[in-house]
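Q: Make a model of this:
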Amino acid sequence: MRLLRQSLLLLLLTGSLLSAGQRLQAAVGLFNFQATSVATGIRLSWQTGFEDNNLGFNLYRATVNDRSQASLVNPALIPSQSQGGGGADYDYTDTSVAANILYFYWVEPVGDSLQDPVPPVSATWTTGGGLVT
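A: Numbering: from 1, shown residues only. Down below sits the predicted model:
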């Protein structure tokens, strides 16, 4: 019965069942991705409900809502903060933005993740900070 429950949980988390000897890909439950204009740039924040074999995250930015036009924002991988496969909270401030330009952001788990693509968030930086657009 325990093996059946573990198999069902694996199916729910990753969308597939693995036979003996197959490699488990990283699975990440990512949600609540937000972008907010703050005094120093655009603050990106997100949460994970669980992380399994996740190395960390990369953030991408574009001035159009087209992922293929986006450039990497973070100079180094944002490392996973998950302890033992649980979830974690993340934030990163993009300080390389110009005022009054609408930016689109994507977050991407690193490590052969099975995470479905997360829709982009957008924000415009104003020198005094402000709300998500």
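Q: quick one: the helices in the protein?
A: 2-14 (DSSP state H).
Q: Just list whatever residues bridge to the spatially most central residue of the chain.
A: The centroid of the chain falls nearest to Val107 when counting by Cα atoms, centre = their mean (3.6 Å). Note on Val107: beta-bridge partners Leu59, judged by DSSP bridges.
Q: and the closest residue to Phe57 other than its chain neighbours, how many neighbours does it have?
A: If the residues on either side of it in the chain are set aside, Phe57 comes closest to Ile78, at 4.6 Å by Cβ to Cβ, 6 or more residues apart in numbering. To be clear about C-beta, it is placed using only N, CA and C from the backbone, and glycine gets the same treatment. Counted with other Cβ atoms under 10 Å, the neighbours of Ile78 add up to 19.
Q: Thought Leu55 was touching Ile78, still the case?
A: No. Checked against Cβ atoms under 8 Å, the pair Ile78 and Leu55 is beyond contact range at 9.7 Å.
Q: Next one, pLDDT for Leu30 please.
A: As predicted, Leu30 sits at a pLDDT of 77.
Q: Ignore what I typed, I meant Gly84.
A: For Gly84, pLDDT reads 75.
Q: How many residues are close by it?
A: Neighbour tally, Gly84, other Cβ under 10 Å: 7.
Q: From Gln83, how far off is Ala123?
A: 30 Å (Cβ to Cβ, to the nearest Å).
Q: again, but for Gly111
A: 16 Å.
Q: got it, and Glu108?
A: Counting by Cβ to Cβ - Glu108 and Gln83 are separated by 22 Å.
Q: Of those two, give the one with the bigger neighbour count.
A: Neighbour count, other Cβ under 10 Å: between Glu108 and Gln83, Glu108 has more, with 18 against 9.
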